[in-house]
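**Q** Provide a 3D model corresponding to the input given below.
(one chain, ligands or ions: 1)
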Amino acid sequence: MEILKGVHLIDVYANSYVLIDDRLVLIDTSSEPDAKTILRYLEKAKIRPRDLATIFITHVHPDHVSGLARLKQDATGTKVAASRVEADFISKKRVYDGPPGAAHQRHPGTPVDVVLEDGQAYDGLKVIYTPGHTRGSISLLDESRSLLIAGDAANNEKALSTMDDVYNVDPRQHRESIRKLATLHFDNAVFGHGKPITGGASAQFVALAKRL
Ligand SMILES: [Zn+2]
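**A** Predicted structure coming up:
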């Protein structure tokens, strides 16, 4: 569904997002079976996978990265972008050992073409390192839409909150990352898990940061 102009939420286990601008980008790829759902969504939206400029992976958890290998079969020429830390885990140069554990890292290693640095802009999105959930998690800021794409830096399932610490590699750092996001201004926010916030989003982050 289109939640803001040019922002499509694909409702799979961990939400994926397509941004339609002068360049097409996909953010996160959910689980392996969900790759088919994402491909069907793209087809309905008349987007050819190979026309995607970039697939951003916010972090290496299986429910965000496992659809990547399947999508890349069709998304020939599409670049994969992730943080420096997460790139090694996505490509399987190293196996991610944080929760839920290395045994869950079953995705085929996929090379990362674009290593994103904190504060860098790429394909219209500003990269914000938000470690703590995994070692190299990122969020992305779409300044043109005043939209934060949080990834799993927070969730909005019942209300805006921290991720369950069972899944956070460093709970203290996870909270620091939420405080970092609370220093930014954005009206809207979307999440890997939970409903979008349209309007007043950064005020909710400020309120959450105060409670941590
Ligand atoms: Zn996660």
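**Q** show me which residues of the protein sit near the ion.
**A** Residues of the chain found near the ion (C-beta under 5 Å from the ion) are His61, Asp152. All C-beta atoms are positioned from the backbone trio N, CA, C, and that covers glycine.
**Q** please identify the helix or strand for Ile128.
**A** strand 125-129 (DSSP states H and E).
**Q** that should have said Glu176, apologies.
**A** Using DSSP H and E, Glu176 sits in helix 171-181.
**Q** buried set for that helix?
**A** Neighbour counts using 16 or more other C-beta atoms under 10 Å place Pro171, His174, Arg175, Ser177, Ile178, Lys180, Leu181 of helix 171-181 among the buried residues.
**Q** could you check the angle strand 125-129 makes with that helix?
**A** Helix 171-181 runs at 140 degrees relative to strand 125-129, counting by axes from the mean of the first three to the mean of the last three C-alpha atoms, to 10 degrees.
**Q** just checking, what packs against helix 171-181?
**A** Counting contacts by 3 or more C-beta pairs under 8 Å, 6 or more residues apart in numbering; DSSP states H and E, helix 171-181 is packed against strand 125-129, helix 201-211.
**Q** tell me the first helix or strand C-terminal of it.
**A** Using DSSP H and E, the helix or strand that follows helix 171-181 in sequence is strand 188-190.
**Q** other residues contacting that following strand?
**A** Residues outside strand 188-190 that contact it (C-beta atoms under 8 Å, 6 or more residues apart in numbering) are 3-4, 7, 9, 15, 17, 145-150, 156, 196-199, 201-202, 204-205.
**Q** pLDDT of that strand, averaged?
**A** Mean pLDDT, strand 188-190: 98.
**Q** immediately after it, which helix or strand?
**A** strand 197-198.
**Q** which secondary structure state does Leu141 sit in?
**A** At Leu141, secondary structure determined by DSSP: H, G, I helix; E, B strand; the rest coil is strand.
**Q** and the closest residue to it other than its chain neighbours, how far from Leu184?
**A** Excluding the flanking residues, the one nearest Leu141 by C-beta to C-beta, 6 or more residues apart in numbering is Lys126, at 4.2 Å. Note on Lys126: its distance to Leu184, by C-beta to C-beta, to the nearest Å, is 9 Å.
**Q** now do the shared contacts for the two.
**A** With C-beta under 8 Å, 6+ apart, Lys126 and Leu184 have common neighbours Leu141.
**Q** compute the number of surrounding residues for the closest residue to Pro111 other than its chain neighbours.
**A** Of all residues not flanking Pro111 in the chain, Ser91 sits nearest, at 5.2 Å (C-beta to C-beta, 6+ apart). Around Ser91 there are 16 other residues, counting by other C-beta atoms under 10 Å.
**Q** thought Thr110 was touching Ser91, still the case?
**A** Yes: look at Ser91 against Thr110 with C-beta atoms under 8 Å: they come within range, at 6.4 Å.
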